[in-house]
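**Q** sequence first, predicted coordinates after that:
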Amino acid sequence: MLDEEYEDITYFKENGFFEKECTKCGNIFWTRDEKRETCGDAPCDIYTFIGKPIFSKPMNLAEMREYFLNFFEERGHTRIDRYPVVARWRDDIYLTIASIADFQPFVTSGLVPPPANPLTISQPCIRLNDLDSVGRTGRHLTTFEMMAHHVFNSKDKEIYWKDKTIALCDELLTSLGADITEVTYIKSPWAGGGNAGASVEVMVGGLELATLVFMNLKESKTGTIDVKGKMYERMDSYIVDTGYGLERFVWASQGTPTIYDAVFPTIVQELTNLAGIDHELNNPEYAKIFASNAQFAGVMDVSGNANLLELRRQVADSIGMDVDELNRIMDPMEKIFAIADHTRCLTFMLGDGIIPSNVKSGYLARLVLRRTIRMLADLGVNVPLSEIVALHIDNMPEYPEFEDTFKVTEEILALEEEKYRQTIERGRKIIQKAAVRYQEKGESLPLEELMEIYDSHGIPPEVSKEAAKEVGVTVEFPDNFYSLVADMHSEAGDKDESITGFKYMDKIERLPLTKRFYYDEPERMEFEAVVLDTFEDFVVLDNTYFYPEGGGQEADNGMLMAGTFVYDVIDVQMYNGVVIHKLNITDKELLINRGDMIIGQVDKKRRMAHSRHHTATHIVNDAARKVLGNHIWQAGAQKTENRARLDISHYKHITQDEINEIEMIANKMVMENKKVHFESLDRTEAEQKYGFGLYQGGIPPGKTLRIVKVGSDIEACGGTHCLSTGVVGPIKILKTERIQDGVERLEYAAGEAAIAAVQEMEGLLRDSSEILSIQPEILPPTVERFFDEWKELQKENEKLKEELAGARTIKMLQNAEKIGEFSLVVNVTKGDGIDSLRMAAIEILKDENAVAVLLSETDGVKAVAAVGKNAVTKGLKAGDLVKMMSQAVGGGGGGKPDLAMGGGPDASGIEKAKAEAVAKIKETLSS
RNA sequence: GGGCUGGUAGAUCAGCGGAAGAUCGCUACCUUGGCAUGGUAGAGGCCUCGGGUUCAAUUCCCGAUCAGUCCA
């Protein structure tokens, strides 16, 4: 256990604390109050600060943030700028969920030095885990700022550790005017993300204001420290990871009934005005409701309707109010609080460049956005989201960057609102149709149907219920609807793919890192090397000029020559810094051995094509940003010999005009023949200098980054490049494609590949116009004319066939054999298709006494039977006739009693078919 | 990255193996002093594309593509 990690904390002993065990939950805590028995956390203690602020001076967000950062600056910490809320430097999380996330994984692992040490920061974070609770509890937020001071200690240098951290916390709280005897520190061992350590929660007045984590353990199979079933060992580096909740500090300083009233009072005010609700916090009776609600909600789980109902009941009891009356007051206010919170969340998300989408972080943005729209609709408030977001931006002048991006934000919000409106409209129709269908069967809309509609069409059950009600169908759904949907998904998919590592991984680990020279001498293609090892058709060399696949760029090909033996290199990969060359072995076995001297030859043409496409990708990215806006972000890229493609985040389709513009700008950059710059920089330094735009192409591992500058595009990139843009040659954008909502793919070719692509397209034009014997320039109008004419002819053809059928029918009816009052038409032709037979049959059917058997020998045999209304009443069925005939020609058929068609491949049976049908007809009709 | 749903007339959709439909919109005419409206007639479909199964595919199967949606 982690208990021993607390033993070296001397601060409590030296400062008159008492170590106690909470009489309610049993947790260990420290306090200066000898008489205290409970730990201070929910549910053991309830809020005492509402109406009675913890701190001496009420502060807003900006004031509190500044106070905190200044406090730690004065105590030797360096203030650093916030990181984006979208964690672009991480590939394991989408959103920044804590201040320490800024420094994971490379700073915390000790690989890369921190931007400053010790440092202080106020990091905006987004957590969507408790979405349901936001607005209800009075304290939950999706977006909050984690104020923090961090220390990165190493075994060589310790700045400070546990005692000083707790002392600073005590000092901060005291300086803000908190009653220090009310503060409790709860022992709360922490583990997460492969690390663990001692941690204390800082509680005042029933509110958790901060958590102080002392991260000094890492997960390890051979570790000896057991934390929650996993084994850990000590790290060389040990880190102070604190988290002070800015919003909670503000709340504690004001003692308002809810955190929302403290954090964004103007937004809440504005929303209540729009909704026509009075939110009169000056009225003590009214304020008491929310205070009581916050207290009860502080000690229970409020997700789900059942829990909410229980909360309402408790609150109503405590203040002596009717539950319905309470609900009437609380429900709209909870929505307003949630809207205020969600729109702030969107302000950060969109302001930091998230594009709403149906995948990844974009989906999270859309989720929040749609929840907000729904709640606004519930309140009957009809204002664009962008107006509320604009209020937040005005309210947070500390974030001027959001004003710069507001135009894009506004457009995105408008598009998303329209999109959701359409989705709901579409969904409502589907619901109503289904509801009516089930109602006709005397059933109610089943749950499965409701779930499917949510899953496939995004219509939440609340909306379904509402829509069904409009057509007079009542729909019920259980409280745990969303978890049922989640269960359905977990049943569906559970296949985890096996990780395909390299087969000889263990052998590679013993080899030295391959010296790679393709950066130092990018133009050299021939080299000598010593073979370090071989496995099957894989060869490892001491050095190489071959580029291994990576960064979306395919591997180099070429040859390895050892004496008189020559092998083609068909693939090159790198594992943990060791480059593996895969050879194409035509003989039985590889005739290269360990220790051999070989000559390597890189396929220059292929390498050049890759380099052109890689540099072109940076150029196109830059051009796209110039044309489409600064929000565009690379979501993936691939470079091959003939093509390259770049996926960029963008909230609407790229138009042809925009493509043309991007293409033009890209080619101008080529023509300017700018030098491509390379720079090797320390990771943190690079991030500080160039921002996270560096990680367009993903997050390369390691301490130092290779920075590639092409024009105004600056990226961390490990690929091979042209040394100047002119070498790239022409860039031709070939097509765009939407691979996901919010992600557009550009496909293009550069250099020789571009010429080839253009020539190929030209060929298509030439070939097409040659077929029509026209000039390519008039291809579009000509094709249009041809298509129109073709449609006309098609129609005319049909009309003529009908007329012909009519004419033939008259003749056939004249020649018909009489069986009583019935006339029997039998006709065998060649070359008539099933359609013309059927048309003739339809004509014949106008005579209610007619019976027809029409056969045609074409592509086998086609047969149609028509039985007039009066003959049908005699029990003659066209379907039966066709079945008989079709069997005779080895096929099948069917249809309705009056008209049926069929056929078969065997033409020799045609006479037999006819005879059988005629016999059957005569038999039936004459009886 | 995975799952689900859908592409049929200008729009919204029905049909789901054997004659391509409805409603709105459009055009013309009739009704009216004019308009709202009502009536009559008509135009408008490579049933998304490419394979397969079948005597026969808008319909079933596979693939592509476009769109929607849920989840990691």
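**A** Looks like it arrived, so ask away.

**Q** contacts and neighbour counts: CA atoms only from here.
**A** Noted.

**Q** look up how far A:Gln269 lies from the nearest residue to A:Glu403 once chain neighbours are set aside.
**A** Spatial nearest neighbour of A:Glu403, excluding adjacent residues (C-alpha to C-alpha, 6 or more residues apart in numbering): A:Ile393 at 6.8 Å. Distance, A:Ile393 to A:Gln269, using C-alpha to C-alpha, to the nearest Å: 16 Å.

**Q** which strands or helices does the longest strand seen in chain A pack on?
**A** For chain A, the strand that runs over the most residues, judged by DSSP state E, is strand A:230-245. Packed against strand A:230-245 by the contact rule (3 or more C-alpha pairs under 8 Å, 6 or more residues apart in numbering; DSSP states H and E) you find strand A:143-153, strand A:207-219, strand A:225-227.

**Q** let's have these in CSV, adding mean neighbour count, mean pLDDT and distance to RNA strand B.
**A** Below are the helices and strands packed on strand A:230-245 laid out as CSV (neighbours: other C-alpha atoms under 10 Å; pLDDT from 0 to 100; distance: least, C-alpha to the nearest atom of the strand, whole Å):
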stretch, mean neighbour count, mean pLDDT, distance to RNA strand B
strand A:143-153, 24, 96, 18
strand A:207-219, 23, 93, 21
strand A:225-227, 17, 81, 23
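
**Q** turn the ones you listed into a markdown table, including distance to A:Thr615.
**A** A markdown table is the format used below for the helices and strands packed on strand A:230-245 (distance: least, C-alpha to C-alpha, whole Å):
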| stretch | distance to A:Thr615 |
| --- | --- |
| strand A:143-153 | 38 |
| strand A:207-219 | 40 |
| strand A:225-227 | 49 |
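
**Q** rewinding a little: what's the angle from the longest strand of chain A to strand A:207-219?
**A** 150 degrees (axes from the mean of the first three to the mean of the last three C-alpha atoms, to 10 degrees).

**Q** what number of residues lie near A:Thr108?
**A** 21 (other C-alpha atoms under 10 Å).

**Q** which residue ranges form the helices in the stretch 201-350 of chain A?
**A** A:246-254, A:259-263, A:265-275, A:284-297, A:305-319, A:323-351 (DSSP state H, counting those that start in this stretch).

**Q** closest to A:Arg136 out of these?
**A** helix A:323-351 (5.5 Å; C-alpha to C-alpha).

**Q** so which bits of the closest one are buried?
**A** A:323, A:326, A:329-330, A:332-351 (16 or more other C-alpha atoms under 10 Å).

**Q** what's the angle from it to helix A:284-297?
**A** Going by the same axes, to 10 degrees, helix A:323-351 makes 70 degrees with helix A:284-297.

**Q** re the thing from before, residues contacting the residue nearest to A:Glu403?
**A** Listed by C-alpha atoms under 8 Å, 6 or more residues apart in numbering, the contact partners of A:Ile393 are A:Thr347, A:Tyr399, A:Pro400, A:Phe402, A:Glu403.

**Q** ok, and for the longest strand of chain A, which residues are buried?
**A** Buried residues in strand A:230-245 (16+ other C-alpha under 10 Å): A:231-235, A:237-245.

**Q** filter those residues by proximity to RNA strand B?
**A** Near RNA strand B, taking C-alpha under 7 Å from any atom of the strand as the test, no member of these is found.

**Q** now do the helix or strand of chain A with the lowest mean pLDDT: which elements does it pack against?
**A** The weakest-scoring helix or strand in chain A, judged by mean pLDDT, DSSP states H and E, is helix A:481-492 (a mean of 73). Here helix A:481-492 touches helix A:447-457, going by 3+ C-alpha pairs under 8 Å, 6+ apart.

**Q** can you list contacts of the helix it packs on?
**A** For helix A:447-457, using C-alpha under 8 Å, 6+ apart, the contacting residues are A:Thr423, A:Gly427, A:Ile431, A:Ile459, A:Pro460, A:Pro461, A:Ser464, A:Phe477, A:Phe481, A:Val485.

**Q** where is pLDDT lowest across the residues you listed?
**A** Among those, A:Val485 carries the weakest pLDDT, at 81.

**Q** contact partners for that residue?
**A** A:Met451, A:Asp455.

**Q** neighbours around A:Thr165, how many?
**A** 21.

**Q** element containing it, please.
**A** helix A:162-175 (DSSP states H and E).

**Q** what ranges do the helices span in the stretch 801-927 of chain A?
**A** Using DSSP H, counting those that start in this stretch, helices in the stretch 801-927 of chain A cover A:834-845, A:869-873, A:878-888, A:910-926.

**Q** tell me which of the ones you listed lies nearest to A:Pro84.
**A** Using C-alpha to C-alpha, the helices of the stretch 801-927 of chain A put helix A:834-845 closest to A:Pro84, at 66.3 Å.

**Q** contact partners of stretch A:112-122?
**A** A:65, A:69, A:72-73, A:76-82, A:99, A:103, A:106-107, A:145-152, A:159, A:682-685, A:688, A:702-703.

**Q** my bad, should have said stretch A:586-599
**A** With C-alpha under 8 Å, 6+ apart, stretch A:586-599 has contacts from A:526-534, A:536-537, A:560-563, A:565.

**Q** try it again at 6 Å.
**A** A:Phe527, A:Glu528, A:Ala529, A:Val530, A:Val531, A:Leu532, A:Asp533, A:Leu560, A:Met561, A:Ala562 (C-alpha atoms under 6 Å, 6 or more residues apart in numbering).

**Q** how about it: buried residues?
**A** So, applying 16+ other C-alpha under 10 Å, buried residues of stretch A:586-599: A:Leu590, A:Ile592, A:Asp596, A:Met597, A:Ile598, A:Ile599.

**Q** could I get the phi/psi values of the first one?
**A** To tie it back to what came earlier, the one meant is A:Leu590. phi -70, psi 130 (degrees, to the nearest 10).

**Q** so how far is A:Asp568 from it?
**A** Distance from A:Leu590 to A:Asp568, by C-alpha to C-alpha: 12 Å.

**Q** ok, the last one next?
**A** A:Ile599 is 12 Å from A:Asp568, where distance means C-alpha to C-alpha.

**Q** picking that back up, which among the contacts of stretch A:586-599 count as buried?
**A** Buried among these (16+ other C-alpha under 10 Å): A:Phe527, A:Glu528, A:Ala529, A:Val530, A:Val531, A:Leu532, A:Asp533, A:Leu560, A:Met561, A:Ala562.

**Q** turn those into a markdown table, including distance to A:Met59.
**A** Putting those into a markdown table (distance: C-alpha to C-alpha, whole Å) gives the following:
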| residue | distance to A:Met59 |
| --- | --- |
| A:Phe527 | 68 |
| A:Glu528 | 69 |
| A:Ala529 | 68 |
| A:Val530 | 69 |
| A:Val531 | 69 |
| A:Leu532 | 67 |
| A:Asp533 | 67 |
| A:Leu560 | 71 |
| A:Met561 | 74 |
| A:Ala562 | 76 |
